[in-house]
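**Student:** Give me a model of this one.
(one chain, ligands or ions: 2)
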Amino acid sequence: MSVKDVTDLYREFGEERLPPGQTETTAFPVLSKSGTPDWDPETWTFSVRGAVAEEFDLSWEEFRDLPSETQRQDFHCVTGWSKLDCEFTGVTFPTVAERAGVTSDAVHVMFHGLDGYTTNLPLDVVNREEVLFAWGYDGDDLPREHGGPLRVVTPHRYAYKSAKWVDGVTFLTEPERGYWEKRGYSNTANPWNEERYS
Ligand SMILES: Nc1nc2c(c(=O)[nH]1)N[C@H]1C(S)=C(S)[C@@H](COP(=O)(O)O)O[C@H]1N2
Ligand SMILES: [Mo]
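**Tutor:** Ligands and ions are numbered 1, 2, ... in the order given. This is a model prediction of the structure:
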């Protein structure tokens with residue numbers, strides 16, 4: 001299987017692959033606000049809502065039938081660790097956005113997780129090939145504690161933008177703040193500018 005290496009995306013943001021103030025780790029720590037929620041593949045649905053031509057729901061089977069790819073990416077946690085060369089497999093954000101037919105008044109996006117987590121990003125920041133709805137990690141199913149069955153990955157932003165257990169995305173006509181963005185973490189979250197707090 002071919003792997004698309006996007007670990008050079010840092011060049012868009014800074015000189016160094018490792019953002020300032022980050023330490024490289026080979027472990028993959030788990031950070032969850034409230035533990036790992038249950039999921040049932042029979043009843044799970046992925047919902048696309050808001051400023052789109054057509055709102056839709058996909059079953060787990062239908063989601064897995066969307067075109068997918070594998071990317072090598074870096075992962076930067078706002079608490080100071082970075083894990084380089086993660087291999088995530090999933091569906092690109094633009095694939096989902098195109099299917100929905102995002103309307104011209106959409107400017108912002110909110111992701112929703114099964115644990116009640118939310119996180120937000122401007123549409124122009126999130127609508128890029130390196131943002132994945134990922135169901136695979138290092139050739140296997142995405143581990144449950146890391147957001148399996150499905151999580152978002154945002155390699156150009158701190159990882160609190162990478163919603164685990166994601167089961168929906170809403171396209172918004174006004175910016176809104178998600179869980180950590182309401183609680184003092186940066187709304188913009190660019191690691192190469194050390195945008196950690198707001
Ligand atoms: N649904 C959900 N997504 C989440 C979180 C969470 O608590 N719930 N925590 C966020 C935070 S703060 C970080 S650093 C990353 C951690 O991902 P990991 O546990 O796979 O390392 O997930 C993010 N996504
Ligand atoms: Mo985090």
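**Student:** CA only for contacts and neighbour counts going forward, please
**Tutor:** Fine.
**Student:** Contacts only, for the closest residue to Leu9 other than its chain neighbours.
**Tutor:** Nearest-residue entry for Leu9: His156, 7.3 Å, with adjacent residues in sequence omitted and distances by CA to CA, 6 or more residues apart in numbering. Each residue near His156 by CA atoms under 8 Å, 6 or more residues apart in numbering is listed here: 9-10, 190-191.
**Student:** rerun at 10 Å
**Tutor:** His156 makes contact with 7, 9-10, 12-13, 73-76, 125-126, 130-131, 189-192, according to CA atoms under 10 Å, 6 or more residues apart in numbering.
**Student:** do you know how far the residue nearest the centre of the chain is from Asp124?
**Tutor:** For the chain, the residue whose C-alpha lies nearest the mean C-alpha position (CA atoms, centre = their mean) is Val152; its distance is 2.4 Å. Distance, Val152 to Asp124, by CA to CA, to the nearest Å: 16 Å.
**Student:** Using CSV, write down the CA coordinates of the biggest strand by length in the chain.
**Tutor:** Under DSSP state E, the strand in the chain containing the largest number of residues is strand 81-92. Taking Å, rounded to 0.1, in the frame of the first residue of the first chain, the C-alpha atoms of strand 81-92 are listed here in CSV:
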residue,chain,number,x,y,z
TRP,A,81,5.0,16.1,23.2
SER,A,82,5.2,15.4,19.5
LYS,A,83,5.0,12.0,17.9
LEU,A,84,6.6,11.9,14.4
ASP,A,85,5.9,9.6,11.5
CYS,A,86,2.4,8.4,12.5
GLU,A,87,0.7,6.4,9.7
PHE,A,88,-3.0,7.2,9.6
THR,A,89,-5.5,5.7,7.1
GLY,A,90,-8.7,7.4,6.4
VAL,A,91,-10.9,9.7,4.3
THR,A,92,-9.7,13.3,3.5
